[in-house]
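Asker: Quick one, fold the following:
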Amino acid sequence: MPWWTFNSERKAFEKNPNKPSIGGLPTSRAQFLRDRYNIIKQVVLRNEHFSPPAVPGKDRDSYLKLTTTKNLLGRAGEPFMLFGMLAHSPDGKLVLEDLEGRVELDIRTTGPCEGLFTEGSMVLCEGIYTDEETLCVEAIGHPPSEKREIARSIFGHVDFLGKGATTLVEEARLETRLQRLYRPSFVVISDLWLDHPRTTLGLHKLLQTCLDQEWIPLLFVLCGNFTTRGIGQGSGDALLRYTEYFDALADMLMAPEYRPIVEKSHFVFVPGPLDPWGSSTLPRPSIPEAFTAKIRARLPRVHFTSNPCRIKFFSQELVIYREDMMSRMLRNLVGIKRTVGDADLKKYLVQTLLDQAHLSPISLNIQPTLWEFDQALRLYPMPTALVMADKYERYELTYEGCHVFNPGSFLGSSYGFSMWLPQDKTSEPSELDLDDD
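Answerer: From the prediction side, this is the model:
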């Protein structure tokens with residue numbers, strides 16, 4: 001993806017002429033956090049609750065006003081609303097940071113709040129500034145999100161994906177062309193454990209079902225982990241076995257009976273947290289060719305991608321992300337009460353990521369990120385669909401026009417997967433029985 005930075009003075013995205021590096025310059029660490037902050041802030045200021053009316057009048061004083069941490073000094077006892085990033089000070093206290101400084105937060109009297117809040121989240125805080133130079137927080141929340149069509153109407157000239165910018169008029173034409181196709185579909189599978197004998201059985205059953213029903217998906221999105229246990233920097237035997245699993249998959253797919261599928265379908269492989277080389281840093285590179293040379297050579301339409309990856313299909317943008325985000329977010333929550341129990345956690349996870357416009361709104365100390373590749377994790381503009389491939393239970397829901405779904409693990413009480421239906425802009429959970437017949 002192109003390396004876009006956000007110029008807060010011009011309120012515009014600017015293309016960085018430099019080539020991003022894995023090491024990254026020291027200045028890049030601060031820059032990518034500023035970009036994340038400024039991208040969300042311009043969405044906040046454009047929101048109707050924060051935009052002053054164009055016509056002077058009594059309503060002009062009713063809109064919400066943001067204050068910076070610098071402007072709090074000497075104003076104890078006054079109410080303020082601030083926007084910034086949650087962090088911990090060197091002495092372990094929860095603070096809010098913006099581009100001008102930081103202020104300690106007192107959340108002991110804060111009421112229950114919607115969403116999941118972690119260190120590294122960009123939030124809106126409302127409270128009273130005290131003589132102790134702390135903000136006694138009365139309410140805290142995620143920033144408002146912005147629908148895809150609104151962001152595209154403002155930044156339609158920006159080629160975020162590097163595949164050529166398209167106007168809204170051109171996207172409408174592409175959507176019309178899409179509706180003329182004969183029911184295209186994508187199959188999305190997660191945790192395809194190639195070292196488990198039942199996985200091969202399940203794949204045979206899925207492919208045979210496609211042939212029996214004369215239904216050939218346009219795309220198979222196959223997400224890791226591709227083994228039940230990670231090989232890490234494993235021994236030579238472990239690396240050899242990992243290669244053999246993909247070789248066996250290539251042999252299975254190239255069987256004569258599956259040729260109609262292999263010749264027409266694309267196969268996209270997205271690495272999981274345990275796949276080589278199991279680093280926790282995001283974004284993750286594709287699985288090295290040393291392990292996948294045979295399947296790359298034999299399948300005519302195979303793609304090994306980074307994690308996350310993006311798929312552009314006519315006017316639609318799909319983001320595929322394989323990470324156990326539910327457990328990671330829950331492990332790193334700061335002490336802010338939630339309004340609901342575990343039943344609605346999936347709703348809050350989706351809301352949090354889309355409001356944060358980022359796949360990993362977590363501190364670098366917890367989730368390392370390649371500074372100069374952070375644009376690969378952005379969710380601005382909001383995609384058409386977000387695949388949150390997670391070992392957590394399956395779900396599908398739509399938030400602010402973005403459809404989000406988790407296909408769950410392929411092998412469980414049944415063979416579980418999801419289908420993306422581009423013409424309907426929705427997903428459909430599917431499963432096959434575990435019977436051996």
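Asker: so who does the residue nearest the centre of the chain touch?
Answerer: In the chain, the C-alpha nearest the mean C-alpha coordinate belongs to L359, at 3.4 Å (C-alpha atoms, centre = their mean). The neighbours of L359, taking C-beta atoms under 8 Å, 6 or more residues apart in numbering as the test, are L282, P308, V319, Y321, E323, M325, L353, L377, R378, L379. Any C-beta I mention is one placed from the backbone N, CA and C, and that applies to glycine too.
Asker: 6 Å - rerun?
Answerer: Counting by C-beta atoms under 6 Å, 6 or more residues apart in numbering, L359 touches Y321, L377.
Asker: Likewise for Y245?
Answerer: Y245 sits in contact with L194, D195, where contact means C-beta under 6 Å, 6+ apart.
Asker: In three-state terms, how would it be classified?
Answerer: The assignment at Y245 comes out as helix when based on DSSP: H, G, I helix; E, B strand; the rest coil.
Asker: do the same with L434
Answerer: Strictly by three-state DSSP, L434 counts as coil.
Asker: sorry, back to before: now the residue nearest to the centre of the chain: how far from P429?
Answerer: According to C-beta to C-beta, to the nearest Å, L359 stands 22 Å off from P429.
Asker: so where's the longest strand in this structure?
Answerer: Counting by DSSP state E, the longest strand found in the chain is strand 79-88.
Asker: as a whole number, average confidence for that one?
Answerer: Summarised as a single mean, pLDDT over strand 79-88 is 97.
Asker: For it, C-alpha coordinates in PDB please.
Answerer: Taking Å, rounded to 0.1, in the frame of the first residue of the first chain, the C-alpha atoms of strand 79-88 are listed here in PDB:
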ATOM      1  CA  PRO A  79     -15.700  21.200  32.800                       C
ATOM      2  CA  PHE A  80     -13.800  20.200  29.700                       C
ATOM      3  CA  MET A  81     -13.900  17.700  26.800                       C
ATOM      4  CA  LEU A  82     -10.600  16.400  25.600                       C
ATOM      5  CA  PHE A  83      -9.500  14.100  22.700                       C
ATOM      6  CA  GLY A  84      -6.300  12.100  23.000                       C
ATOM      7  CA  MET A  85      -4.700   8.700  23.500                       C
ATOM      8  CA  LEU A  86      -4.900   6.600  26.600                       C
ATOM      9  CA  ALA A  87      -1.500   5.800  28.100                       C
ATOM     10  CA  HIS A  88       0.200   5.000  31.400                       C
END
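Asker: Buried by neighbour count: which residues of it qualify?
Answerer: F80, L82, F83, G84, M85, L86, A87 (16 or more other C-beta atoms under 10 Å).
Asker: Would you list the strands that the helix or strand just after it pairs with, along with their directions?
Answerer: Downstream of strand 79-88, the first helix or strand assigned by DSSP states H and E is strand 94-98. Strand 94-98 has its sheet partners listed here by DSSP bridges as strand 79-88 (antiparallel), strand 101-106 (antiparallel).
Asker: Distance to L73 added to those, as a markdown table?
Answerer: Listed next are the strands paired with strand 94-98 as a markdown table, based on distance: least, C-beta to C-beta, whole Å:
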| stretch | distance to L73 |
| --- | --- |
| strand 79-88 | 12 |
| strand 101-106 | 9 |
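Asker: With F246 as the reference, name the closest of those strands.
Answerer: Nearest of the strands paired with strand 94-98 to F246, taken as C-beta to C-beta: strand 79-88 at 40.7 Å.
Asker: which residues of the protein score low on pLDDT?
Answerer: 54-62, 232-234, 278, 336-343, 436-437 (pLDDT under 70).
Asker: hmm, back to that, can you lay out the buried residues of strand 79-88 as a markdown table showing distance to D106?
Answerer: Shown next, in a markdown table, are the buried residues of strand 79-88 (distance: C-beta to C-beta, whole Å):
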| residue | distance to D106 |
| --- | --- |
| F80 | 13 |
| L82 | 13 |
| F83 | 18 |
| G84 | 15 |
| M85 | 17 |
| L86 | 14 |
| A87 | 15 |
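Asker: Report all helices and strands that the host helix or strand of Y348 contacts.
Answerer: In the assignment (DSSP H and E), Y348 maps to helix 345-356. Counting contacts by 3 or more C-beta pairs under 6 Å, 6 or more residues apart in numbering; DSSP states H and E, helix 345-356 is packed against strand 395-399.
Asker: please redo it, this time with the cut-off set to 10 Å
Answerer: helix 26-46, strand 122-129, helix 325-331, strand 385-389, strand 395-399, strand 402-406 (3 or more C-beta pairs under 10 Å, 6 or more residues apart in numbering; DSSP states H and E).
Asker: So what angle separates the directions of the last one and strand 395-399?
Answerer: Between the direction of strand 402-406 and that of strand 395-399, the angle (axes from the mean of the first three to the mean of the last three C-alpha atoms, to 10 degrees) works out to 160 degrees.
Asker: chain center to the helix or strand just after strand 402-406: distance?
Answerer: For strand 402-406, the succeeding helix or strand toward the C-terminus, using DSSP H and E, is strand 415-421. In terms of C-alpha atoms, centre = their mean, to the nearest Å, the centre of strand 415-421 is found 19 Å from the chain centre.
Asker: In strand 415-421, which residues are buried?
Answerer: Under 16+ other C-beta under 10 Å, the buried positions of strand 415-421 are Y415, G416, F417, S418, M419, W420.
Asker: from those, which single one is nearest C136?
Answerer: Nearest member of the buried residues of strand 415-421 to C136, counting by C-beta to C-beta, is S418, at 44.9 Å.
Asker: can I assume the closest one is in contact with D390?
Answerer: No: checked against C-beta atoms under 10 Å, the pair S418 and D390 is beyond contact range at 11.9 Å.
Asker: Between these two, which contacts overlap?
Answerer: S190, N406, P407, G408 (C-beta atoms under 10 Å, 6 or more residues apart in numbering).
Asker: Show me what the helix or strand F13 falls within is packed against.
Answerer: Element membership of F13 [criterion: DSSP H and E] is strand 12-15. Helices and strands touching strand 12-15, by 3+ C-beta pairs under 10 Å, 6+ apart, are strand 4-7, helix 26-46, helix 148-155.
Asker: Direction included, what does that strand pair up with?
Answerer: When DSSP bridges is applied, strand 12-15 pairs with strand 4-7 (antiparallel).
Asker: and the strand it pairs with, C-alpha only, in PDB?
Answerer: Provided in PDB are the C-alpha atoms of strand 4-7 (Å, rounded to 0.1, in the frame of the first residue of the first chain):
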ATOM      1  CA  TRP A   4       0.100   8.200   3.100                       C
ATOM      2  CA  THR A   5       0.600  10.700   6.000                       C
ATOM      3  CA  PHE A   6      -2.100  13.200   7.100                       C
ATOM      4  CA  ASN A   7      -1.300  16.900   7.000                       C
END
